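In: All I have is the shape, not the residue letters:
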């Protein structure tokens with residue numbers, strides 16, 4: 001049974017990221033450091049193990065949990 005992909009472009013906007021946040025995320029991810037290497041390895045593992053819809057679910061749940069536990 002083939003599942004229909006979830007449309008990630010429609011609907012009301014829930015979370016917004018500013019350019020500074022995105023730039024910082026790219027810097028951490030792209031850095032030639034153990035932290036950057038670990039992040040890239042984990043993303044590669046998730047991409048290899050989960051479908052696109054499952055990856056989106058993981059991303060959304062991580063963002064939601066971060067938002068709920070924010071110290072700001």
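Out: In hand now; what should we look at? For clarity, every value in this text was computed on a predicted model and none was experimentally measured.

In: tell me which element the spatially most central residue of the chain falls in.
Out: Note on the chain: the residue nearest the mean C-alpha position is residue 59, at 3.9 Å, using C-alpha atoms, centre = their mean. Using DSSP states H and E, the element containing residue 59 is helix 52-68.

In: pLDDT (mean, whole number) over that helix?
Out: Averaged over helix 52-68, pLDDT sits at 93.

In: sorry, back to before: residues contacting the residue nearest to the centre of the chain?
Out: Taking C-beta atoms under 8 Å, 6 or more residues apart in numbering, we find residue 59 in contact with no residue. Placement of C-beta: from N, CA and C, glycine included.

In: quick one on the thing from earlier: for the helix holding residue 59, buried residues please.
Out: Going by neighbour count (16 or more other C-beta atoms under 10 Å), nothing in helix 52-68 comes out as buried.

In: gap between that helix and the chain center?
Out: Once both centres are worked out by C-alpha atoms, centre = their mean, to the nearest Å, helix 52-68 turns out to sit 7 Å from its chain's centre.
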